[in-house]
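Enquirer: Fold the following, please.
(3 chains)
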Amino acid sequence: MFEPKILGFCCNWCAYAGADLAGINRNQYPPNIRIIRVMCTGTIDPLYVMKAFQKGTDGVFIGGCHIGDCHYQNGNHRAKKRVAVLKKIISYLGIDPRRVRLEWVSAAEGQKFAQVITDFVAEIKELGPSPLKGSLRHDRESTRIS
Amino acid sequence: MIEKVQELAKKYLVNGKVKVIFGLRKKNNHIAPHIFNKVEELNDLVVSPKYPLLYTCRPDKKNIIRQIEEKYPDIKIGVIAKGCDERSLIELSKRDQIDMKNIAILGVACTREEAIECRCPRPYPNNPLIGEKVEGVFKDKSVEGLLSKSLAERLSFWQYQLSKCIKCYGCRNACPLCFCQDCAMEQEEWSKTGEIPPEIPMFHFIRFYHLADRCIECGECEKACPMDIPLLTISKQVRKDVKELFDYESGLEVKQQSPLLTTLDEMPMKEGVNDDGI
Amino acid sequence: MMTEYKNVLTVCPYCGCGCNYYLQVFDGKLVGILPCKSHVVSQGKLCIKGWNATDFVVSKDRLTKPLLKKDGKFVEISWNEALSIVSEKFKKYSLDAVSVLSSAKCTNEENYLMMKFARAVLKTNNVDHCARLCHASTVVGLGKTFGSGAMTNSIGELEDTDCIFVIGSNTTEQHPLIARYIMRAREKGAKLIVADPRLIPLTRFADYHLRQRPGTDVALLNGFMNVTLNKGLEDKEFVNKRTEGFKELKEVVKNYNPEKVEKITGIAKELIIKAAGIYAKAKSASIVYSMGITQHTTGVDNVVSCANLAMLTGNVGRPGTGVNPLRGQSNVQGACDMGALPNVYSGYQRVSDENARAKFEKAWNTKLPTKTGLTIIEMLNEAVEGKLKAMYIMGENPMLSDPDINHVKKALENLEFLVVQDMFLTETALMADIVLPAASYAEKDGTLTATDRRVQRIRKAIEPIGGSKSDWQIICELAGKMGSQEFDYSSPDEIMDEIASVTPIYGGIVFERIEDIGLQWPCPSKEHPGTPYLHKGKFSRGKGKFFGIEFKEPAELTDADYPFILTTGRTIFHYHTGTMTRRTEALNREVPTGYMEINFKDAEKLNITEGEKVSVKSRRGKIEVKVLKTGKVPEGVVFIPFHFAESPANMLTNSAFDPVAKIPELKVCAVKVEKRKNI
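Expert: Numbers count the residues shown, from 1 in each chain, chains lettered A, B, ... in the order given. The predicted structure is shown next:
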């Protein structure tokens, strides 16, 4: 049974707090996600996302504040634009852009957080394991590329 | 046409409008960029076959124009600029790499044959002094080929192409807009050093992403690749996407800021552009 | 106040591809490199070494003044003093007591002058250079079979062939721009067969990858020929009309059926049959080889077997075919052509040939020595015995590149007088009595000959750094100090004119003719356009000769004490002894230090972790090196690149050499791997 591995970047002020709230209120969500706390989604370099895929992650979740509520004014503006470009590029490289999800979750939305993660894990389960997983370790076998 | 260019350049030099001319020189059947100080030298000035003028000289990572401006802040440089040269100059000046006030652009438009060879969408500078603006190439076979593939096909295509890479950094070295002092492609954290091919697709993704708002479609990256990896294909398509998402085209106006550096209020993003499917 | 920016077209100083690029010079300073789009081989592309070939030129380590060793330390002296000391010392020795090592990195003019200096002034034929370590087998082997020991076809022709058989060459890493043509041929539909014990970048794209046991190439090639003859795929017309000795070949090859070859090499016999069939059936097929074939005690046999296979299938003397040795250094082909070898003058005219010697005696206006000289290995052996007393080394680093480094050290220490001429204080220069600072490729004019026999111009872009001088100037001044009048040249093109007058294959090479693109020799006259491929119509020796070659094991096999096979080699990021690449930031960042590749299973058995430093011992010496666990090497084989002075692979290698070519067996020796004792 395929259990996806998801990496989550949650901003300290909203999404991470929302995740905390979900925990306090016992809103269940699947254990497939590992959360990294960042101060703002604006600090997330899309290279981290690609690196996650390179290492075999099946999906990347980015959670931030709603537009207008960012603790640093417009960090989440940057995130939104970057993720849009990022999704385009990975789709040209052959990675399904639905594997990256950007959501705005405020500190009070614990229930929403749990729901969003549950939906995302289900979607990734449907999409299957990441196509980059175990791909082309050139030193292991004489795999012929056609 | 070349005589007209030489005449114009000589006029500018003689009139003192510019102190030096920066253009291509043909010597012994080889073409390279050159600084022309004297009028007689301009007899060797050419504009084709295409050679880009703005390479980032390593290891200092400054292009020639910037080095001239730093050493001789008062002289005016006349640049025989084709469309791609002018776009490079504009993007570089947006990022404070050069100062446009010392540069006089002697724009030269390319012919339709040259545009087809380079697959260039805009083979003319903003105000060409020589040559007519011809239509660029908008339909590109390799881009259409990529878009017609399914996700799995795209992945195996790039797995094959990128595994030919010998990590020469030619794509980065030849790019007029790759001038960062600490290039992310060199850092161990992003892709392991010392092995070829480098990590696929991480190594090349760094460039694709960092140039999303900077690429001016000069095609030098693909021309510098010893293994014929079709790098321009992705950069072309991403540049189209940036235009669709943010109504922004790189290299047209000095005052326009890149959308990835601005807020949504200053440069809004078009919603609903299909970013969740293929 | 004039600002000057110019682009100077020159040749890359690293490998034998001979790529051209522009050195960007801004107000007299080197600022960067621009590839040359109109060059026939490189076409505007370069590898990572070529892109960064300016760092070492301006490195702080560049020698700027001549040095004299006093009481174990180096003291700076003037040029006059240095050359006086050298000339006085050299006057004491002659004939058998002094020898000269010329450089495959120096220009044709400088190599010619060096061998002229050795023969006309020092009166000795003891001249050699590093081709002894890499392609001496090629010169002998192809000389025996074809009559000419050079790459038979041009690099660009590889793109349009039907089958490419790469054996013993890691082309992608060592000759990246040649690998480009192989990949293009493949994309056009050509078949690619790769024979290499390791997984190299090319094997991923190969139709057949044959992993032979190191040192068993003769058996493999004989197996190919056996399959070809059994299936009747040989080119009967070619064999009848243009070759001799076929009977002898058939007698030997008929014993190498695929079962026997499988036992010797370890390759499955079905694979051998299939791959041999592909090669033989192809309309044009090309053999590409390098160190994996030449650096063995059976090096000449390996080369001859390659030539046998090509002749058997009619694959010589047409575009896109041939036997193509990929020469390593930027000018190793030129150094061989210029006669920096103990048994030939320039153009491969033999020292033992009375007429040739008479010609050179007339051209140089002096009597010349008659005894064939010593090769590098013999020079070092005689130095240890005390028979060789003085050596003049130009642009070579035997302390890191020659096998059995302890032996080299003993030899050099035993010399009475050692002069080293180099750009940096290399490991060899540290042992010298006098060190002369030489100029780099960016600071002088001259010509280099690439692996496909193309003679190209290097041009001066900046003035020599500090007090360094071009090698040709140093040799001329030294010869003048020693009393010779024959070294009065004002510029390298005069030297090339002299070379053209005494060397038939370079007869038509003049600086004006090679201003835009180079010329491929043989170019016997000023009207001749150069020769893209050799042996058209007839071989250089008339008819190609077959030799029946029996398989012989390598000199040192594994046993219970030394159970691993050590094979040495290179990585794309560094070049040879690292004198230039380890002073380049971009390359050091990629591969900062030495490593050893060992198979996963072997590492597990020995309980070694990734990155751990282990101790590797052979009968010659021992080193400590970092481990890289990989599937690239088969079980029982380890691989160490030789670029790194802190873990020098050549400390372990065997100096046993091929009896004719005198090339050492750098590709096979026996070692043991142990965890370091707890310190």
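
Enquirer: Against residue B:235, how distant is the spatially most central residue of chain A?
Expert: When chain A is reduced to its mean C-alpha position, the nearest residue by CA atoms, centre = their mean turns out to be residue A:61, at 1.6 Å. Counting by CB to CB, to the nearest Å, the gap from residue A:61 to residue B:235 is 28 Å. Backbone N, C-alpha and C define where each C-beta goes, glycine included.

Enquirer: that older thread, so the residue nearest to the centre of chain A sits in a strand?
Expert: Yes - counting by DSSP: H, G, I helix; E, B strand; the rest coil, residue A:61 is part of a strand.

Enquirer: For it, list each beta-bridge partner.
Expert: residue A:8, residue A:101 (DSSP bridges).

Enquirer: That one is in contact with residue A:5, isn't it?
Expert: No - when contacts are counted by CB atoms under 8 Å, residue A:61 is not listed as touching residue A:5 (11.5 Å).

Enquirer: What pLDDT is listed against the residue of the stretch 1-150 of chain B found nearest chain C?
Expert: At 3.1 Å from chain C, residue B:57 is the closest residue in the stretch 1-150 of chain B, using CB to the nearest CB. Predicted confidence (pLDDT) for residue B:57: 86.

Enquirer: Pull the contacting residues for residue 11.
Expert: No chain specified, so I'll use chain A. By CB atoms under 8 Å, 6 or more residues apart in numbering or on different chains, the contact set of residue A:11 is A:37-41, A:63-65, A:71, A:75-76.

Enquirer: should've been chain C
Expert: Counted by CB under 8 Å, 6+ apart, residue C:11 has contacts C:18-20, C:330, C:441, C:448, C:450, C:456-458.

Enquirer: Turn the buried ones among these into a named ChimeraX selection, would you?
Expert: Buried residues among the contacts of residue C:11 (16 or more other CB atoms under 10 Å in any protein chain shown), as a ChimeraX selection:
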select /C:18,19,20,330,441,448,450,456,457,458
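
Enquirer: how far away is residue C:359 from residue C:370?
Expert: Relative to residue C:370, and taking CB to CB, residue C:359 is found at 14 Å.

Enquirer: Who has more neighbours out of those two?
Expert: It is residue C:359, of residue C:359 and residue C:370, that has more neighbours when counted by other CB atoms under 10 Å in any protein chain shown, with 15 against 10.

Enquirer: Please identify which helix or strand holds the more buried one.
Expert: helix C:354-364 (DSSP states H and E).

Enquirer: Excluding covalently adjacent residues, which one is nearest to the residue in the stretch 51-200 of chain C that chain A sits nearest to?
Expert: As assessed by CB to the nearest CB, chain A sits closest to residue C:199 within the stretch 51-200 of chain C, at 5.6 Å. Spatial nearest neighbour of residue C:199, excluding adjacent residues (CB to CB, 6 or more residues apart in numbering or on different chains): residue C:632 at 4.2 Å.

Enquirer: And residue C:281, by the same measure?
Expert: residue C:233 (6.1 Å).

Enquirer: and if you look at residue C:468?
Expert: In space, residue C:468 is closest to residue C:437, 4.0 Å off (CB to CB, 6+ apart).
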